[in-house]
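Let me see the structure of the following:
(one chain, ligands or ions: 1)
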Amino acid sequence: MPENSNSQRGFNTRVIHSDYEAPDGFGAFPVAIHHASTVLFTDVASMRSRSWQDKSAYTYGLHGTPTSFTLEARLADIEQGKHCLLTPSGLAAITLVNMAFLASGDHVLIPDNVYSPNRELADWLSRSFGVSVSYYDPLIGADIAALIRDNTKLIWAEAPGSVSMEVPDVPAICAAAHARGVLVALDNTWSGGIAFPAFAHGVDIIMQALTKYQSGGSDVLMGAVITRDRALNIRLQTAHMRLGFGVGMDDVYLVLRNLPTLQLRFQAHDQSARKVAAWLKDRPEISTVLHPALPGSPGHAIWQRDFTGAGGLFSVLFDEKYTEQQTDRFVDSLKLFKIGFSWGGAHSLCVPYRIEQMRQHWSHKGILVRFNIGLEDSTDLIADIEQALAQIA
Ligand SMILES: *Cc1c(COP(=O)(O)O)cnc(C)c1O
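This next block holds a predicted model:
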């Protein structure tokens, strides 16, 4: 213990300004959880010279601590990017991209199958902030060129759409966008950042809902925006600072804790989901299995060309003879599958969607039901689906 220079001070001062410092040199695998709003400077000169944009040092808790910088670096590495910013949710990551790259008078192109809150946000930007929005067929490919206007600044893609599962031709969309100087942002959540090398396929900005596979625990809400280009990152950083998108370091720690098993979990979800999907394909109650790895699913050939895996999320269309009342009874009859939003955790989930209300164009018949295949044994999951299907016979 150092000599206690504090001993002459009052109790409240002594409990706040202790002289004790834990010794350096502690080694362990977990990244330390550094909570901070205030970050200390040794003197005024170092305070004045330090920039919040420079990640070689710290300025204020909102811009990061060693804990969040570590997660950002690991996520950038997973996606083979250079820069990463954390946000308080996946939706906040989408908001960050829109606020960084869109202004009043600009135009943005969004796939018609996009994650619904992304559409909600875009419609709000359109109604109240002077941004014009068009929705495109997710399978449009190179024909997106015809939709690009002089004021188009950003094209969103989602690979695949997380409810109806169309796999877009991301390289073709990027080529058309870049020919007109337009940026492409991809919601890469479905692939966990490991089954689709988005930068290699031309994407400029990757968005991830870490809430899903990276967290893996159904207990954290967080997002990330990843780039390779320094100038893009500076625009994102500036918007991030203005919006005050801080994240809690306990949550950052939970994501860091589960990251080493990301690929193992993803592969386990993938294997099990393909077994369940293949079984469903042979069932008379199901007209179509919307799983990108199965032939007949929209964009399957593109998935085969561009992806290295599939994860646990897919949907089915029931035969059109089944009413919503019957398919609701199917979902209610499941025992292992729980009813709830989100995915990427250990527990299997099942949700029916009224998809025709979510889209401009939807031509398929039959009720859509989405499955998140968790980490339970696939034989038990199939048995659960089988008994629930028997309830609607
Ligand atoms: C969940 C999800 C988001 C949003 O993530 P939150 O953390 O729930 O806001 C965005 N995109 C996709 C595809 C998602 O599944």
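
rest of the way, CA atoms for contacts and neighbours
OK.

Now the residue of the stretch 251-393 of the chain found nearest the ligand: phi and psi?
Proximity to the ligand, evaluated over the stretch 251-393 of the chain using CA to the nearest ligand atom, is greatest for residue 342 at 5.4 Å. Per-residue torsions, residue 342: phi 80, psi 180 (degrees, to the nearest 10).

Quick check, it in contact with residue 210.
No: applying CA atoms under 8 Å, one finds residue 342 not in contact with residue 210, separated by 10.8 Å.

When the two are compared, which one has more neighbours?
The neighbour comparison of residue 342 against residue 210 (other CA atoms under 10 Å) goes to residue 210, with 27 against 13.

I'd guessed that one sits against residue 90; true?
Yes: if you go by CA under 8 Å, residue 210 and residue 90 touch, sitting 6.7 Å apart.

which neighbours do the two share?
Here residue 210 and residue 90 share the contacting residues 221, 222, 223, 224, scored by CA atoms under 8 Å, 6 or more residues apart in numbering.

Tell me which of those fall in strands.
When DSSP state E is applied, these are split such that 223, 224 fall in strands.

which of the shared contacts of residue 210 and residue 90 are close to the ligand?
By CA under 6 Å from any ligand atom, the members of the shared contacts of residue 210 and residue 90 lying near the ligand are 221, 222, 223.

Weed out the non-buried ones from the residues you listed.
Among these, those buried by neighbour count (16 or more other CA atoms under 10 Å) are 221, 222, 223.

Convert the C-alpha atoms of stretch 253-272 to PDB, please.
Extracted as PDB, the C-alpha positions of stretch 253-272 are listed here (Å, rounded to 0.1, in the frame of the first residue of the first chain):
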ATOM      1  CA  TYR A 253     -18.900  -7.400 -22.500                       C
ATOM      2  CA  LEU A 254     -21.800  -9.900 -23.100                       C
ATOM      3  CA  VAL A 255     -21.200  -9.700 -26.800                       C
ATOM      4  CA  LEU A 256     -17.500 -10.000 -26.500                       C
ATOM      5  CA  ARG A 257     -18.000 -13.100 -24.200                       C
ATOM      6  CA  ASN A 258     -20.100 -14.900 -26.900                       C
ATOM      7  CA  LEU A 259     -18.000 -13.900 -29.900                       C
ATOM      8  CA  PRO A 260     -15.500 -16.800 -29.800                       C
ATOM      9  CA  THR A 261     -18.400 -19.200 -30.400                       C
ATOM     10  CA  LEU A 262     -20.000 -17.200 -33.100                       C
ATOM     11  CA  GLN A 263     -19.000 -19.400 -36.000                       C
ATOM     12  CA  LEU A 264     -19.600 -22.700 -34.100                       C
ATOM     13  CA  ARG A 265     -23.100 -21.600 -33.100                       C
ATOM     14  CA  PHE A 266     -23.800 -20.300 -36.600                       C
ATOM     15  CA  GLN A 267     -22.800 -23.600 -38.100                       C
ATOM     16  CA  ALA A 268     -24.900 -25.500 -35.600                       C
ATOM     17  CA  HIS A 269     -28.000 -23.300 -36.400                       C
ATOM     18  CA  ASP A 270     -27.300 -23.800 -40.100                       C
ATOM     19  CA  GLN A 271     -27.100 -27.600 -40.000                       C
ATOM     20  CA  SER A 272     -30.200 -28.000 -37.800                       C
END
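
what's it in contact with?
Outside stretch 253-272, the residues that touch it by CA under 8 Å, 6+ apart are 30-33, 67, 71, 192, 194, 210, 213-216, 220, 309-312, 373-375, 377-378.

List buried residues within those.
In the contacts of stretch 253-272, burial by neighbour count holds for 31, 33, 67, 71, 192, 194, 210, 213-216, 220, 309-312, 373-375, 378, counting by 16+ other CA under 10 Å.

Please narrow these to those residing in helices.
Counting by DSSP state H, the buried ones among the contacts of stretch 253-272 place 67, 71, 378 in helices.

ok, back up a step: make JSON lines out of the shared contacts of residue 210 and residue 90 and add pLDDT.
As requested, the shared contacts of residue 210 and residue 90 are exported to JSON lines (pLDDT from 0 to 100):
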{"residue": "221", "pLDDT": "98"}
{"residue": "222", "pLDDT": "98"}
{"residue": "223", "pLDDT": "98"}
{"residue": "224", "pLDDT": "98"}
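
Just name the closest of the shared contacts of residue 210 and residue 90 to residue 181, please.
Proximity of those to residue 181 (CA to CA) peaks at residue 224, which lies at 23.9 Å.

What residues does the closest residue to the closest one other than its chain neighbours make contact with?
Leaving aside its sequence neighbours, residue 224 sits nearest to residue 86 (CA to CA, 6 or more residues apart in numbering; 4.5 Å). By CA under 8 Å, 6+ apart, the contact set of residue 86 is 68, 72, 93, 222, 223, 224, 225, 245, 246, 247.
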